[in-house]
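Novice: Here is my input; please provide its structure:
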Amino acid sequence: MEPIVKTYSVKVVREPGENPLTGQPMEYDEQSFEVDATSVKAAYFLSHLVCTLRFSGQLRRTFINGQEYFDERY
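Specialist: The predicted structure is shown next:
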């Protein structure tokens, strides 16, 4: 029997870009962590809560267990 909750390895990437309000450049940054979740979709949702990177209009990319995850709602 497979466990209901699994541990997922998550990496969140902030692509470089400009803050649209101040014009200040924001550099590339990334953060890696693990989350316990019931699915990849749940791990993606939790990554938004756990991640401490600041985003101001920059592209956010999320990798779960090494594969980029795309939310089907967008």
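
Novice: next one: the helix or strand of the chain at the bottom of the mean pLDDT ranking to chain centre, how far?
Specialist: Lowest by mean pLDDT, DSSP states H and E among the helices and strands of the chain is strand 17-18, with a mean of 88. Its chain's C-alpha centre and that of strand 17-18 lie 18 Å apart, by Cα atoms, centre = their mean, to the nearest Å.

Novice: And for stretch 10-17?
Specialist: Averaging C-alpha positions (Cα atoms, centre = their mean) puts stretch 10-17 7 Å from its chain's average.

Novice: what does stretch 29-43 give?
Specialist: Centre to centre, stretch against its chain (Cα atoms, centre = their mean), the figure for stretch 29-43 is 7 Å.

Novice: Would you mark the buried spots in that stretch?
Specialist: Burial within stretch 29-43, assessed by neighbour count using 16 or more other Cβ atoms under 10 Å, is assigned to V35, A37, A43. All C-beta spots, glycine's among them, are computed from the backbone N, C-alpha and C.

Novice: ok so, going back, now what about the least confident helix or strand of the chain, what contacts it?
Specialist: Q24, P25, M26, G57, Q58, L59 (Cβ atoms under 8 Å, 6 or more residues apart in numbering).

Novice: Same list (those residues) but as TSV, adding distance to N65.
Specialist: Formatted as TSV, the contacts of strand 17-18 follow (distance: Cβ to Cβ, whole Å):
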residue	distance to N65
Q24	34
P25	31
M26	27
G57	28
Q58	23
L59	21
